[in-house]
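Trainee: Sharing a sequence plus its predicted fold:
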Amino acid sequence: MSFTNDGENLLLNWGFTTDVVARPTAWAVRLHTGDPGEAGTANEVLVANDSNYTGPISVTFGTSTAGSSPSTLQVTHTPSVAAGTYSVTHASVWATAPGSVSLIKGALATPRSISNASPLTFEIGEIIAALD
């Protein structure tokens with residue numbers, strides 16, 4: 001995964017200025033059908049395509065070791081797709097408190113085909129926030 005512009009700005013302001021930067025206290029995953037872009041907002045799954053998708057799905061992360069922090073919760077979305085399927089190819093992680101800001105984004109190792117009532121699950125440790 002790579003930092004979004006907002007994620008980069010938060011990290012740089014925290015590390016290289018004396019600005020007060022609010023530390024996130026809650027995080028969530030958003031699902032995308034293509035690259036989310038530098039803002040982390042492009043190609044998000046549309047409620048028109050999946051009426052159960054309402055945006056961010058809560059996630060937590062463990063303590064970082066060797067430059068990465070894995071998810072500590074299983075993340076599941078049970079879709080409601082009227083017809084056909086769609087493919088989730090990317091995910092983004094957002095700070096949801098305080099405020100809502102995109103932090104990182106990346107392509108899934110394997111795109112996931114989504115059809116009605118077939119849950120999409122990310123197992124514990126499958127979502128990893130990492131620096132290289």
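Mentor: Arrived safely.

Trainee: use CA for all of it now, contacts and neighbours both
Mentor: Will do.

Trainee: Give me the residue ranges of this protein where confidence is low.
Mentor: Applying pLDDT under 70 to the chain picks out residues 132.

Trainee: biggest strand in it, by residue count?
Mentor: When the chain is parsed with DSSP state E, its longest strand is strand 101-115.

Trainee: Against which helices or strands is that strand packed?
Mentor: Packing partners of strand 101-115 (3 or more CA pairs under 8 Å, 6 or more residues apart in numbering; DSSP states H and E): strand 2-3, helix 5-16, strand 85-97.

Trainee: same for the next helix or strand after it, what does it pack against?
Mentor: Once strand 101-115 ends, the next helix or strand along the chain (criterion: DSSP states H and E) is strand 120-122. Helices and strands touching strand 120-122, by 3+ CA pairs under 8 Å, 6+ apart, are strand 75-77.

Trainee: can you do 10 Å?
Mentor: If you count contacts as 3 or more CA pairs under 10 Å, 6 or more residues apart in numbering; DSSP states H and E, strand 120-122 packs onto strand 75-77, strand 101-115.
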